[in-house]
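> show me the folded form of this:
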Amino acid sequence: MNYSVLCIDDEESIRKLVSTALQRIGYDVVTANDGQEALERLREAIPDLIISDISMPTMDGLSFLQQLRNDEYLRDIPLIILTAFTNTDNIEESFNLGADDYLTKPFEMRELLARVHVKLVRPSISRAQVVRDQRTGFLNERNFIDVVTREIVRTSNQTTTNFLAYIYIDELLNIIERLGARAGDEIAHQLSLMIRARPHLDSFSHDNEGYFGLLMLDTTNRIVQLRMRQLTNDIVNHTFTAAGTKVRLTPIIGYSYFAGFHSFDDLEARAMTALSVAAAQLDLRPIGYTNSMDAQITEKRQLIAARRATSKRKWIFDQIRLYFQIVLTIVITLIVPFGIYWRADQAGYDITGFAYIFFVVAFVITGLFIWIEGFASFFDEDLPVPTEYPPASAIIAAHLQNEAATIIETIEAFRKIDYPGSLQIILAYNTPRELPVEAELRLLADADPRLVLMRVEHSTSKAQNVNAALSIATGEYIGVFDADHQPMPGSFTRAWQWLAAGYDIVQGHCVIRNGTDSWITKMIAVEFESIYAVAHPGRARLHGFGIFGGTNGYWRADLLRQTRMHGFMLTEDIDSSLRVLEQGYRVASDPKLISRELGPVTLEALWNQRMRWAQGWLQVSIKHLIRALRSSQLTLRQKIGFLHLLAWREIFPWISPQIFPLIAYWIWRGDSLDWTISIYVLTTLFTLSVAPGQVLFAYLRAIPEQRKHTSWFVWYLVFGSFFYVEWKNLISRVAVIKELMQERAWRVTPRIHTNKRDESYE
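Residues are numbered from 1 along each chain as shown. Next up, the predicted model:
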């Protein structure tokens, strides 16, 4: 289970110390400066445990504790006092007010972590005995079942009609995958507030799988239908907040009457059957159970069972194949070189000296490029201010089923763009079925003539959506964006300055806007500053060309229509930019052209993203390297840049670990290594300086909102140096194996499964 902790302390150093330690062992941590701010955090989402100081401004820890224990929905949260007060009176008062533990400063971090662990996994009162779920204020699942079962027994011989309903949120899994588990808790908490405000609901629950159960007594089918429709409308029209992002939700509701059922399981099965029917339609109609549904659901379950068995076998095969690919890269990079050194020695040739010199030169060359790119990124180009601004178009490409929760927020961000000329906003999307959010999008389009909606039938890719939108784009130049992007208000104005200066494409600076969501997003936030604020503009100045990265890029309309996106390429964006470069067109990179996006919040999501990037880059390297070297439109400087960008970036991940088998062989052979030799010292120091240099450049060139998080950059330096860089190199090596095995199929992540009993309908 992914536990969440709220840390309250007015000393920033203590907050950071405790937060970092908890995050390292997998906990989600939210902080507050004092008791008053902590209450605000509790209105967002309910944590599993609280750590609080006593002496704090505005509201001290004991006053906060008293309010916490007096609140019906918050009283069961375990709380540990962490304070400098050591006197018995404070300890006694804390426990009298309901503290679960008391620890004094200075403290041993291991002891605090142990106390936290105990309170989470072995709370003072069993979770099964707690009547209400402390995260939502709802009855927990066990108690809800008891309540419903009692009502089944009580009304079995009566004429009154009772109903059990279940609610599920269509976008919930997608939101949790993109924004983290805490985002799901926030949505559940906000939904609980909305549902608790309805006096006609007799009991309600929330379980660990994200289902909301509602019990309605002594009513009729017509009234239940009316109440559920009202609740549906309220949810659809409400703007929720998840991890600082505004989202819109689509509720799915199914319900069943009590009559004729003698156990909770039977009643729940019928309500879930109705929920499955509602999910298949996704038209916002609450669906009540009818007897005719049984045959339909039985048939679907048989089909799904067969499909799940096939999917499970395929999943197991995919996992085995991935592990085989990882092991194979380890064998190739570590064991095979060791064997080559040994075999050469047996034949009377010592090649280790030549190998060492080659590897040193490779590391030095790579480090030099990184340092030069870093320094080159500081030379900003002066842009003339145009006197006229032509019509422009923005194309937002979306797989709407995945983007439904955040697309309204994206559209609102585009509507705030301040452009002196006319701006057309095209949402080019594909979806396998009609979604409720489409009705809201149509209302926005009716209210704003700049917004044009284009549903691209039969599309399965971003490339198809962009290509289709070109037929209705009216702008002289076109900005291309992913569906989670929020460009700065002056983005199109600045982009036109580059195009008016003679460039054909300009790539902007993509900034991660959910850096606080997890340790992974913090790392990616710094990495993106290193890429878009340093590497891309530095490389553009060094090699004489930039690269279009797929989003937040602006094209001359006629060039984009001529080039198009090739959907058969995994990275169709890189492919398109290389094709135009080979024809002599100019691509700029501008770190001041900012658009904010969402980064992956889990390691699995990041692996999948980077694997696609790595294999896509390999494809374009194979396709374009020879073409570029033969191109008459490219200068010698640019061709060297292509060699660095395409050839060297594919070779270096295989070279980077080679020092380990080399040194291991020297040790195995019994060679004495003199580490005081100047070449060892100088090359080692230079190589070690690259990572701190990269982070320093990223920090100096980062936008202010990212630079204020100094700890993120320190974390990236430590974690990146010892893990992340080699992790990405491993992905690059595995990508080569996947390409050789012709493993190129990429699945859209399934988002919604609607049956609590492990059934799914697509």
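
> tell me which helix or strand Lys592 sits in.
strand 587-597 (DSSP states H and E).

> for the helix or strand just after that strand, buried residues please.
Counting by DSSP H and E, the next helix or strand C-terminal to strand 587-597 is helix 603-630. Neighbour counts using 16 or more other CB atoms under 10 Å place 606-607, 610-621, 623-625, 628 of helix 603-630 among the buried residues. Just so you know, the C-beta spots here come from the backbone N, C-alpha and C atoms, and that holds for glycine as well.

> packing partners for helix 603-630?
helix 519-528, helix 572-582, helix 636-642, helix 649-655, helix 725-740 (3 or more CB pairs under 8 Å, 6 or more residues apart in numbering; DSSP states H and E).

> next, format those as a markdown table and append distance to Gln424.
Listed next are the helices and strands packed on helix 603-630 as a markdown table, based on distance: least, CB to CB, whole Å:
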| stretch | distance to Gln424 |
| --- | --- |
| helix 519-528 | 28 |
| helix 572-582 | 21 |
| helix 636-642 | 34 |
| helix 649-655 | 37 |
| helix 725-740 | 37 |
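
> do you know which of these lies nearest Asp53?
With CB to CB as the criterion, Asp53 lies closest to helix 519-528 of these, at 23.9 Å.

> which residues of the stretch 651-762 of the chain score low on pLDDT?
In the predicted model, the stretch 651-762 of the chain carries pLDDT under 70 at residues 673-680, 744-762.

> contacting residues around the residue most central in space within the chain?
In the chain, the C-alpha nearest the mean C-alpha coordinate belongs to Pro600, at 2.4 Å (CA atoms, centre = their mean). Contacts for Pro600 were tallied using CB atoms under 8 Å, 6 or more residues apart in numbering; they are 178, 520-521, 524, 606, 609.

> pipe the residues you listed into TSV and attach pLDDT and distance to Phe713 per row.
Putting the contacts of Pro600 into TSV (pLDDT from 0 to 100; distance: CB to CB, whole Å) gives the following:
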residue	pLDDT	distance to Phe713
Arg178	74	24
Ile520	90	15
Thr521	90	14
Ile524	94	13
Leu606	89	19
Gln609	89	22
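
> just the closest of those to Val718, please.
Closest to Val718 out of these is Ile520 (14.6 Å), distances taken as CB to CB.

> residues making contact with stretch 256-267?
The contact list for stretch 256-267 (CB under 8 Å, 6+ apart) reads 145, 148-149, 151-152, 155-156, 161-165, 221, 270-271, 273-274, 288-289.

> which ChimeraX command selects the buried ones in the residues you listed?
Buried residues among those (16+ other CB under 10 Å), as a ChimeraX selection:
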select :145,148,151,152,155,161,162,163,164,165,270,271,273,274,288,289
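
> out of the contacts of stretch 256-267, list just those in strands.
Residues of the contacts of stretch 256-267 located in strands (DSSP state E): 163-165, 288.

> just checking: what are the partner strands of the helix or strand encompassing Ile425?
For Ile425, the host element (DSSP H and E) is strand 423-430. Sheet pairing of strand 423-430 (DSSP bridges) gives strand 392-399 (parallel), strand 451-455 (parallel).

> count the neighbours of Ala197 for me.
Counted with other CB atoms under 10 Å, residues neighbouring Ala197 total 9.

> residues touching it, list them.
Under the criterion of CB under 8 Å, 6+ apart, Ala197 has no neighbours.

> what's the spacing between it and Gly475?
For Ala197, the distance to Gly475 equals 46 Å [CB to CB, to the nearest Å].

> then Thr521?
33 Å.

> what do you get for Pro487?
Pro487 sits 15 Å away from Gly475, going by CB to CB.
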